[in-house]
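Visitor: Structure for the following, please:
(chains A and B)
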Amino acid sequence: MIQRKVSIILENKPGALVRVVGLFHQRGYNIESLHVDPVNDLTEYKYVEKNLNIKLKKGEVSHLIISTTVNDNLLRQILRQINKLIDVLIAEEVK
Amino acid sequence: MKLAGNDILIQSLINEDVEYIFGYPGGAALHIYDAIFKQNKMEHILVRHEQGATHAADGYARATGKPGVVLVTSGPGATNAITGIATAFMDSIPMVVISGQVAKHLIGTDAFQETDMIGISRPIVKHSFTVESAENIPEIVKQAFYIATSGRPGPVVIDVPKDTTAPDKLFEFNYPNKVNIRSYSPPIDPEKNQIERAVEAIISSEKPVIYAGGGAINSNASSELIKLNEILDFPVTNTLMGLGVYPATDPRFLGMLGMHGTYQANMAMHNADLIIAIGARFDDRITNTPKLFAPNAKIIHFDVDHSSVSKIIEANIAVFGQVKNSLNEIIKLCELKKEMINTKKISSWKNQIEEWKKSHGLNHDMYLENSDDSTIMPQAVVQHVYNITKGKAFVTSDVGQHQMFAAQYYHFDEPRKWINSGGLGTMGFGLPSAMGVKLAFPNDEVVCITGEGSIQMCIQELSTCTQYNLPIKIININNEALGMVKQWQDMNYGGRHSESTYQSSLPNFIELVESYGHVGIKIEKNSDLKSQLERAFSLKDKLVFVDVYVDPDEHVYPMLVAPNGSLKDMWLDKETKT
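Guide: Numbering: from 1, shown residues only, chains lettered A, B, ... in the order given. The predicted structure is shown next:
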């Protein structure tokens, strides 16, 4: 198994981050590193707007990157679980 | 129209067509309770413990398909609701739970009856909200009901700090008629190519089984499932949560599968070359050891929840969407290609299943035994209840042996009639959930099949039944022990009954229920069983508690051999293993 990075765009509001972090523990996955920032420069996030057919405003969403060591099946399951969270716009693997 | 926060909350619920709200008042919820007092569109049901409120709302939701609504206060009110929220979460039941909270300026100060309800409930809710201001209440309520009922349903918590419901601050009230959550869009219609692939797999199958679960009930897809199988003519099994979604008296129905499933259902699953999973999630009570599960089967999985597919068992074909919509699509295509179904091969597959049923199927005639030379068998009690209610009753249950006997021997022909805690396995669920069902369907027979262990976990709700005149029939299958625990101890722990009996400490249930104003009937002899049960059901306007003393040594069979067994590995009785 190798370390994978998961990129998550989520609503920048109280309680959103802890739902993602809590899910890792709840489902028995380990977080090896975690970085989160509000998205103020939207230029690299056009894909979110395009995929969801929405318009983002500065600071409205956060970008969370989590590293975890899992196999392909588990990674797919993690991404599906995270994408199911109501406050998450997009979760995907960073290739 | 200008309203205060407490009235805004209640008006929002009324706008959602809420007819019953199950709850218990307390300090942080008192503004809200005052708003309830001032209206007459929605009835509040005062339970005796918040767990009862959540289960009652849950029973109401399961029976009607509409969301159950709960109101509790902060602190212990909120924590007492947790078991019921977790129960609804595990079984994907739509529920909205409103919890009072201390005023915003007190949050984080360890104030009286303060608890972090959002934090405590987070792993067992579909979503949760904290009200920041009364102005946000309508939008939050709208979103909460939408989230609770759409996609894969589930419970939603709204935590309401007391100051946001203060009666002296007025706000403009406009209830939104549309809801849009940009980060949430559950699948509705299936992809066409997945439907085509599914039909190809269907027409090339020789040993197919349809395996339908609670998701098919949540999607109200029972008539679509029946219609599909009029074309396919395949054997069908249901999960514990799915009972009733396919008529149990249909000759193609194999009974329940899994841990205590029928021999023919488990054997058919194990030997199938195609499993069509419809709103079922391959729970560990179904698969036994996943590596050994149905070794030769191709899997088609219909589900609304991406994360349920290929979680335990890899699906060859995944059909995402509302199960009802997906079935409608596949019906159209199957109709066109039905001539290509391999009826000849499938006919010999069905003969094989029929032989399995003949060799080790359940005995549905145990009710014929009426000699006092033998003790009452719990299975016979369920069979009598089935006969007397003509299979039409709503049946709630608690958890344990009686639950499995009810699932095995009451033949449900319609969805939403069998109400039980399948996922979480919550003892105490039966009586309060029956209250929710009875309120929703006052003219229907509502039976709670329980045991003397489970009933005592929420027995305080007998008082609620008195207050609201709920003539439920409670069948207490009394084996004077925690039967399922004892069965496992018999089978796996050398018969050492560690803490599974009560040392003659059981109450006199008859006197107990009579003190609440109900009727109690005690049955100890086989020869009384039928007539006394008939008497209980003839007392239409009374809650009747039937305390039936059954064989304390009886076990539930079949039972999957675990660990390391497959679906074909079953105990068939105390001595026989397949």
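Visitor: which residue ranges form the helices in the stretch 351-500 of chain B?
Guide: Secondary structure of the stretch 351-500 of chain B (DSSP state H, counting those that start in this stretch): helices at B:378-388, B:401-409, B:430-440, B:462-467, B:483-492.
Visitor: wait, which of those helices is closest to chain A?
Guide: helix B:483-492 (25.1 Å; CB to the nearest CB). C-beta: built from backbone N, CA, C; applies to glycine.
Visitor: so residue B:343 touches residue B:231, yeah?
Guide: No: the pair residue B:343 / residue B:231 is not scored as a contact, 11.5 Å apart, by CB atoms under 8 Å.
Visitor: For stretch A:54-63, give the mean pLDDT please.
Guide: Mean pLDDT, stretch A:54-63: 96.
Visitor: Quickly check: it near chain B or not.
Guide: Yes: judged by CB under 8 Å from any CB of the partner chain, stretch A:54-63 and chain B are in contact via residue A:54.
Visitor: Going by neighbour count, list what's buried in that stretch.
Guide: A:56, A:61, A:62, A:63 (16 or more other CB atoms under 10 Å in any protein chain shown).
Visitor: I'd like the helices of the stretch 351-500 of chain B as CSV, with mean pLDDT and distance to chain A appended.
Guide: Formatted as CSV, the helices of the stretch 351-500 of chain B follow (pLDDT from 0 to 100; distance: least, CB to the nearest CB, whole Å):
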stretch, mean pLDDT, distance to chain A
helix B:378-388, 98, 37
helix B:401-409, 98, 27
helix B:430-440, 98, 26
helix B:462-467, 98, 33
helix B:483-492, 97, 25
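Visitor: Give me the subset of the buried residues of stretch A:54-63 lying in strands.
Guide: Among the buried residues of stretch A:54-63, the ones falling in strands (DSSP state E) are A:61, A:62, A:63.
Visitor: show me what contacts the first one?
Guide: Residues in contact with residue A:61 (CB atoms under 8 Å, 6 or more residues apart in numbering or on different chains) are A:9, A:10, A:11, A:12, A:38, A:39, A:45, A:48, A:89.
Visitor: do the same with the last one
Guide: Contacts here follow CB under 8 Å, 6+ apart; on that basis residue A:63 touches A:7, A:8, A:9, A:36, A:37, A:38, A:39, A:45.
Visitor: With pLDDT, distance to residue B:365 and secondary structure added, can I get these in JSON lines?
Guide: Shown next, in JSON lines, are these (pLDDT from 0 to 100; distance: CB to CB, whole Å; DSSP: H, G, I helix; E, B strand; the rest coil):
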{"residue": "A:7", "pLDDT": "97", "distance to residue B:365": "61", "secondary structure": "strand"}
{"residue": "A:8", "pLDDT": "98", "distance to residue B:365": "58", "secondary structure": "strand"}
{"residue": "A:9", "pLDDT": "97", "distance to residue B:365": "61", "secondary structure": "strand"}
{"residue": "A:36", "pLDDT": "97", "distance to residue B:365": "64", "secondary structure": "strand"}
{"residue": "A:37", "pLDDT": "96", "distance to residue B:365": "69", "secondary structure": "strand"}
{"residue": "A:38", "pLDDT": "97", "distance to residue B:365": "69", "secondary structure": "strand"}
{"residue": "A:39", "pLDDT": "96", "distance to residue B:365": "68", "secondary structure": "coil"}
{"residue": "A:45", "pLDDT": "94", "distance to residue B:365": "67", "secondary structure": "helix"}
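Visitor: Need the distance between the two termini of stretch A:75-94.
Guide: This stretch, stretch A:75-94, spans 11 Å end to end (CA to CA, to the nearest Å).
Visitor: Go through it and flag the buried ones.
Guide: So stretch A:75-94, judged by 16+ other CB under 10 Å, has buried residues A:75-91.
Visitor: So which of those reach chain B?
Guide: Answer for the buried residues of stretch A:75-94 near chain B (CB under 8 Å from any CB): A:76, A:77, A:80, A:81, A:83, A:84, A:86, A:87, A:88, A:89.
Visitor: which non-adjacent residue is nearest the first one?
Guide: Excluding the flanking residues, the one nearest residue A:76 by CB to CB, 6 or more residues apart in numbering or on different chains is residue B:310, at 7.3 Å.
Visitor: Ramachandran angles for the one you found?
Guide: phi 60, psi 30 (degrees, to the nearest 10).
Visitor: ok, whatever residue of chain A ends up closest to chain B - contacts?
Guide: Closest to chain B within chain A is residue A:80: 3.9 Å, counting by CB to the nearest CB. By CB under 8 Å, 6+ apart, residue A:80 lies in contact with B:306, B:307.
Visitor: before we move on, back to that, among the buried residues of stretch A:75-94, name the ones in helices.
Guide: A:75, A:76, A:77, A:78, A:79, A:80, A:81, A:82, A:83, A:84 (DSSP state H).
Visitor: Determine which two of the residues you listed are furthest apart.
Guide: A:75 and A:84 (15.0 Å; CB to CB).
Visitor: The closest residue to chain A within the stretch 201-350 of chain B in helix, strand or coil?
Guide: Distances between the stretch 201-350 of chain B and chain A by CB to the nearest CB are smallest at residue B:307, namely 3.9 Å. Here residue B:307 is recorded as helix under DSSP: H, G, I helix; E, B strand; the rest coil.
Visitor: So what's the residue count around it?
Guide: Burial of residue B:307 is recorded as 19 neighbouring residues (other CB atoms under 10 Å in any protein chain shown).
Visitor: so what's it up against?
Guide: A:77, A:80, A:81, A:83, A:84.
Visitor: try 7 Å
Guide: A:77, A:80, A:81, A:84 (CB atoms under 7 Å, 6 or more residues apart in numbering or on different chains).
Visitor: Need the residues you listed in CSV (columns: pLDDT).
Guide: Conversion of the contacts of residue B:307 to CSV gives the following (pLDDT from 0 to 100):
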residue, pLDDT
A:77, 94
A:80, 96
A:81, 96
A:84, 96
